[in-house]
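J.: A predicted structure for the sequence below; I have some questions about it.
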Amino acid sequence: MSGAWPKAWKTSTGGLSERADTVLIADRVSKSYATPRGDLRILTDVSLSLERGAAIAIMGPSGSGKSTLLYILGALDTPSSGSVSLDGADPFGLDEAAQAAFRNRHIGFVFQDHSLLPQCSVLENVLSPTLVAPAAERAGREDEARARALLEQVGLGDRLEHRPAELSGGEKQRAALARALIRNPVLLLCDEPTGNLDRASADTVADLLLELHAARQTILIVVTHSAALAGKFPVRYEMTGGTPVRQEA
Ligand code: ADP
Ligand code: MG
């Protein structure tokens, strides 16, 4: 299976994330669930093509398939039909371990619930995605310096040793954002990242998200039912009949 990988995917450092021409392509992705009353169709022929630097918001009411789509694009869920590729590589063609490594290396996630490890400090949480690599490989990477710099950027430079329970909701999401970026992913996927926050904290997190995106030129996809969050994005889609439809500016 791994023989099918383009060369860039085999390198644990460099490669994909440094390439300028990276694209995410979804080609006629559909998703349905078998139920006693027949197939329940969630996504219908979703086709998307996003270049590095793209930032889009996908809106839609609860139950319209936003999370399902995001998880398929991030290879956390599988489509019933259709394909997804990131720079030409098909994550669904990989075995489970290779797929996990692929996500760890190339994709960052931020969820509505921060999902920080409660027993770990903020710094340890941000470092956690780096720990899957063997120690020898980590040795020269200066992950901790990067984690500290990222936490500084999200305004948590003086909260490194706090546990998640000792942070406000907005601070937890900012820590989760730093964690999502620690491996310098090419694709950043956010599922209702401000859904649990008050308006002021939501605004801060949203602005930070766009600021960090602008500096890093990831492909950023946010799914949300919040018009305030979506309104900050240059390109917006609305889930309509199981597929995101681009809205006029
Ligand atoms: P959104 O994020 O827009 O609120 P979701 O993607 O979470 O929507 O869910 C879309 C639809 O898929 C919902 O109607 C939900 O009930 C259905 N769904 C999600 N997971 C399953 C499952 N495992 N089995 C059956 N239906 C599911
Ligand atoms: Mg959802």
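T.: Nice, I can see it. Ligands and ions are numbered 1, 2, ... in the order given.

J.: what about the residue nearest to the spatial centre of the chain, distance to ligand 1?
T.: Central residue of the chain (CA atoms, centre = their mean): residue 189, 2.3 Å from the mean position. For residue 189, the distance to ligand 1 (CB to the nearest ligand atom, to the nearest Å) stands at 12 Å. Quick note: C-beta positions are derived from backbone N, CA and C, even for glycine.

J.: What helices and strands are in contact with the helix or strand where that residue lies?
T.: Residue 189 is part of strand 187-191 when elements are defined by DSSP states H and E. Under the contact criterion of 3 or more CB pairs under 8 Å, 6 or more residues apart in numbering; DSSP states H and E, strand 187-191 touches helix 66-73, strand 107-110, helix 169-181, strand 219-224.

J.: Let's have those in JSON lines, adding mean pLDDT, mean neighbour count and distance to residue 95.
T.: Formatted as JSON lines, the helices and strands packed on strand 187-191 follow (pLDDT from 0 to 100; neighbours: other CB atoms under 10 Å; distance: least, CB to CB, whole Å):
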{"stretch": "helix 66-73", "mean pLDDT": "98", "mean neighbour count": "23", "distance to residue 95": "18"}
{"stretch": "strand 107-110", "mean pLDDT": "97", "mean neighbour count": "23", "distance to residue 95": "17"}
{"stretch": "helix 169-181", "mean pLDDT": "97", "mean neighbour count": "25", "distance to residue 95": "24"}
{"stretch": "strand 219-224", "mean pLDDT": "97", "mean neighbour count": "26", "distance to residue 95": "25"}
